[in-house]
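Colleague: Sharing a model prediction with you, sequence too.
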Amino acid sequence: MIHLNNVSKRFRHPDGGWFDAVRATTLSIAEGEIFGLIGFSGAGKSTLLRLINLLERPEAGAVLVDGQDLTRLSASELRRARQNIGMVFQQFNLLANRTVAENVAFPLEIAGWNRADIALRVAECLEVVGLTDRAEHYPAQLSGGQKQRVGIARALAPRPKVILADEPTSALDPKTTQSVLQCLADINARFGVTIVLVTHEMGVVRAICQRAALLDGGSVVEVMDVKQGEVQALSSAARDMLEAA
Ligand SMILES: Nc1ncnc2c1ncn2[C@@H]1O[C@H](COP(=O)(O)OP(=O)(O)OP(=O)(O)O)[C@@H](O)[C@H]1O
């Protein structure tokens, strides 16, 4: 579903030099996987995630999603391709002056859906995340966990094949974290949506990921399997880093 081929991303430093946030990275994520990107702060996790929908454009390499190389698309083709890739943010990024239902409707309005289809789809998505009774509330009236469920419903609304989640539970307490992770796992199981999730917490990887890439200094140290809630790191470098995490 996702294939990153030798992608690199560098940023300009205020002092005029360059900083390599992602170094010549190759990574494949299968359809229907829940895949984690884990590592210390500054390892390049968010940058790598944002390369998948081209929120960051790589200097080099190809970004294939669902068979399309996003780096070769025109602006309008890229807008269409992005309908297929939902995004969930750490700080929810909800529109404060829109109700829950209007927030979920937002990407569908942008995509030009008609009103009747929007109403049906919004109701479906709110049902999936268990917020039907909050449709007319405003974000300020919701708990953190409920806000993130709105963020997930909004990401799900355009029927994407991929959802990218950037530290989706880092702003939440442990109990709410579990229920939000369960919500993502349900969406993966019910609709087969491929989920890529950035986290710095091993507990998150253990809870829902099938595989995870450990990042350090902009490179993948190891791609690890998660079996029965345990992360199977093979290299001693990865084991040392996971122990320190
Ligand atoms: N727009 C930008 N301009 C300049 N430097 C950036 C930019 N975005 C990221 N960086 C730098 O790139 C490096 C990797 O950042 P990134 O956010 O991808 O790491 P991360 O692993 O997600 O870390 P964190 O867990 O702290 O979010 C960091 O050193 C960061 O300061």
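Modeller: In hand now; what should we look at?

Colleague: can I assume residue 103 sits in a helix?
Modeller: Yes - under DSSP: H, G, I helix; E, B strand; the rest coil, residue 103 falls within a helix.

Colleague: Give the burial count for it, as a bare number.
Modeller: 24 (other CB atoms under 10 Å). The C-beta positions use only the backbone N, C-alpha and C, and glycine is treated the same way.

Colleague: same thing with the one 3 residues further on?
Modeller: Other residues within reach of residue 106, judged by other CB under 10 Å, total 17.

Colleague: for it, helix, strand, or coil?
Modeller: helix.

Colleague: how about it, what does it touch?
Modeller: 95, 98, 154 (CB atoms under 8 Å, 6 or more residues apart in numbering).

Colleague: What lies in contact with the lowest-mean-pLDDT helix or strand in the chain?
Modeller: Sorted by mean pLDDT, DSSP states H and E, the helices and strands of the chain end with helix 236-244, the least confident at a mean of 82. The contact list for helix 236-244, computed with CB under 8 Å, 6+ apart, reads 39-40, 202, 214, 216, 221-222, 224, 231, 233.

Colleague: Tell me the buried residues in that helix?
Modeller: Residues 238, 241-242 are the ones in helix 236-244 that count as buried (16 or more other CB atoms under 10 Å).

Colleague: closest to the ligand among these?
Modeller: Taking CB to the nearest ligand atom as the measure, the ligand lies nearest residue 241 of the buried residues of helix 236-244, at 12.7 Å.

Colleague: and residue 224, what element?
Modeller: Secondary structure assignment for residue 224, by DSSP states H and E: strand 219-227.

Colleague: What residues does the chain have near the ligand?
Modeller: For the chain, the residues in contact with the ligand (CB under 6 Å from any ligand atom) are 11, 19, 21, 39, 41-47, 200.

Colleague: Buried subset of these, written for ChimeraX?
Modeller: Remark: buried members of the residues of the chain next to the ligand, expressed as a ChimeraX selection using 16+ other CB under 10 Å:
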select :21,39,43,44,45,46,47,200
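
Colleague: The spatially closest residue to residue 83 that is not a sequence neighbour: which element?
Modeller: Counting by CB to CB, 6 or more residues apart in numbering, residue 83 lies nearest to residue 158, which is 4.9 Å off, once chain neighbours are set aside. For residue 158, there is no helix or strand it lies in under DSSP H and E.

Colleague: Residue 158 and the ligand: what is the separation?
Modeller: 25 Å (CB to the nearest ligand atom, to the nearest Å).

Colleague: That residue: what's it in contact with?
Modeller: 83-84, 86, 107-108, 111.

Colleague: Could I get these in JSON lines, plus columns for neighbour count?
Modeller: Listed next are the contacts of residue 158 as JSON lines, based on neighbours: other CB atoms under 10 Å:
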{"residue": "83", "neighbour count": "16"}
{"residue": "84", "neighbour count": "16"}
{"residue": "86", "neighbour count": "26"}
{"residue": "107", "neighbour count": "20"}
{"residue": "108", "neighbour count": "22"}
{"residue": "111", "neighbour count": "14"}
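
Colleague: farthest-separated two in the residues you listed?
Modeller: Farthest apart among these by CB to CB are 84 and 108. That separation is 13.9 Å.

Colleague: which other helices and strands contact the lengthiest helix in the chain?
Modeller: When the chain is parsed with DSSP state H, its longest helix is helix 174-191. With contacts taken as 3 or more CB pairs under 8 Å, 6 or more residues apart in numbering; DSSP states H and E, helix 174-191 sits against strand 34-39, helix 115-128, helix 144-156, strand 162-166, strand 194-199, helix 202-208.
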